[in-house]
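Visitor: Please work out how this folds:
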Amino acid sequence: MSVAILRQGDVLIASIQSDLSDTEVIELRHELAVLVGEHRARGIVIDVGALDVIDSFVTRALRAIVLTARLRGADTIIVGISPDVAIAMVQFRLNLEPLRVALDLDEALAMLDRRSRGDAEDGG
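Guide: Predicted coordinates:
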C-alpha cells in the first residue's frame, strides 16, 4: 500500500503517496482502525495531497474512516486537497459530511489540539 502512517504523540498521520486502488482504500480504513486502538490515538490526519482525483468511492471511504475512527475515540481531519480536486468535488456534489478539513498538517494538529482541550467547536 502506498500510504505512510506515522505517529506523532497521540496523532496518527497517514500520508497517501499515490492514487489508491479500491482495495487499498479499504485496507487503509482497517489499518487506521487497528492503529487507533493500539496507540490510543486521539486523532488522525489524512494527507490526500498526492491524489489527482477524489471520486465518489474515495469520498465514501474517507467518510467511513472518519466514522470508524470516531467510534474508536479519535477525530479525523483531511488535509492537502488541491484546488482542482476541491473544485471537482463540489461540481460532482460529493457528500463530504462528516469530513473535517484543514489546509495543511499544522492547521490540522492545531484543530485536534483545540478539540482535545474542549475549546469551541471548529468550523471544519
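Visitor: Run through the residues that contact Ala33.
Guide: Contact partners of Ala33, counting by CB atoms under 8 Å, 6 or more residues apart in numbering, are 65, 68-69, 72. Heads up, the C-betas are built off the backbone N, CA and C, glycines and all.
Visitor: Spit out the contact partners of Ala41.
Guide: Counting by CB under 8 Å, 6+ apart, Ala41 makes contact with 7, 10-12, 35, 74.
Visitor: no wait, Val3
Guide: Neighbouring residues of Val3 by CB under 8 Å, 6+ apart: 14-17, 20, 24, 28.
Visitor: where in this structure is pLDDT low?
Guide: Applying pLDDT under 70 to the chain flags residues 1, 119-124.
Visitor: Please, where are all the strands along it?
Guide: Secondary structure of the chain (DSSP state E): strands at 3-8, 11-16, 43-47, 75-79, 101-102.
Visitor: partner strands of the shortest one, parallel or antiparallel?
Guide: Spelled out, it's strand 101-102. strand 75-79 (parallel) (DSSP bridges).
Visitor: just the second one next, same as before
Guide: Listed by DSSP bridges, the sheet partners of strand 11-16 and their directions read strand 3-8 (antiparallel), strand 43-47 (parallel).
Visitor: what about the longest helix in this structure?
Guide: The single longest helix within the chain, with elements called by DSSP state H, is helix 22-39.
Visitor: by how many degrees do it and strand 43-47 diverge?
Guide: On the basis of axes from the mean of the first three to the mean of the last three CA atoms, to 10 degrees, helix 22-39 is oriented at 150 degrees to strand 43-47.
Visitor: Buried ones in helix 22-39, by neighbour count?
Guide: Buried positions in helix 22-39, judged by neighbour count with 16 or more other CB atoms under 10 Å: 24-25, 28-29, 31-33, 35-36.
Visitor: Noted, bye for now.
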